[in-house]
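**Student:** Any chance you can model this:
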Amino acid sequence: MNTLTFRQARPADVARCHHIEITSYEGDEAATEARIATRIAEYPEGFLVMELAGDIIGFINSGCAHEVVMSDEEFKQLVGHDAAAPNVIIMSVVIDPAHQGKGYATALMETFVQQMRERGKRTIHLMCKDRHVDLYKRFGYRYVRPSASDHGGMAWHEMLMAL
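**Tutor:** Residues are numbered from 1 along each chain as shown. Okay, here's the model as predicted:
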């Protein structure tokens, strides 16, 4: 039986993670390959990959901040990131489209949240589209407000989980 495994991303994972990112996000909302490489290099402990039978099928990447400003575009390049800060900001939660709808996002999010708790983080923040608000509520996030961000020309909503 194929089992899921979780690990920190490595530089060799950049191309595969970028492929999943661009096939999962619409328009220009997907992170560039360079941004994914930066996120892995700068904060690998906040970049969790999920593998099925040794193949990456999804990931979550994040950064940490003392003050959270969800609409800060520079933060997506980890400008202002501080690994010691108590607040986690998720930039991508992505499952390969071929593996969506199988409960893998739940396993990925539960593992990520547990790791952040173990690291002593206080909150996890993210932005999502309308269609994902209820999903994140089921994961334990609460709705904060519509976001000021228009990243990728889309409407976003800010969500928060207290750890």
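
**Student:** Please name every helix or strand in contact with the longest helix anywhere in the chain.
**Tutor:** The longest helix of the chain (DSSP state H) is helix 104-118. Under the contact definition 3 or more Cβ pairs under 8 Å, 6 or more residues apart in numbering; DSSP states H and E, helix 104-118 sits against strand 4-8, strand 47-52, strand 55-65, strand 87-95, helix 133-139. C-beta: built from backbone N, CA, C; applies to glycine.

**Student:** Please verify my assumption that Ala155 contacts Lys129.
**Tutor:** Yes: shown here, Ala155 and Lys129 form a contact pair, counting by Cβ atoms under 8 Å, at 7.0 Å.

**Student:** The residue nearest to Cys64 when sequence neighbours are not counted and Leu78, how far apart?
**Tutor:** Nearest residue to Cys64, sequence neighbours excluded (Cβ to Cβ, 6 or more residues apart in numbering): Ala85, at 4.0 Å. To Leu78, Ala85 is 12 Å away according to Cβ to Cβ, to the nearest Å.

**Student:** again, but for Glu42
**Tutor:** For Glu42 relative to Leu78 (Cβ to Cβ), the value is 5 Å.

**Student:** intersection of neighbour lists for these two?
**Tutor:** Shared between the contact lists of Glu42 and Leu78 (criterion: Cβ atoms under 8 Å, 6 or more residues apart in numbering) are residues Gly63.

**Student:** So the two - more neighbours on which side?
**Tutor:** Leu78 (23 against 14; other Cβ atoms under 10 Å).

**Student:** what sits against the more buried one?
**Tutor:** Per Cβ under 8 Å, 6+ apart, neighbours of Leu78: 38-39, 42-43, 63.

**Student:** Would you format those residues as CSV with pLDDT included?
**Tutor:** Listed next are the contacts of Leu78 as CSV, based on pLDDT from 0 to 100:
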residue, pLDDT
Thr38, 95
Arg39, 96
Glu42, 95
Tyr43, 96
Gly63, 96
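
**Student:** just the buried members of those?
**Tutor:** Buried members of those, scored by 16 or more other Cβ atoms under 10 Å, are 38-39, 43, 63.
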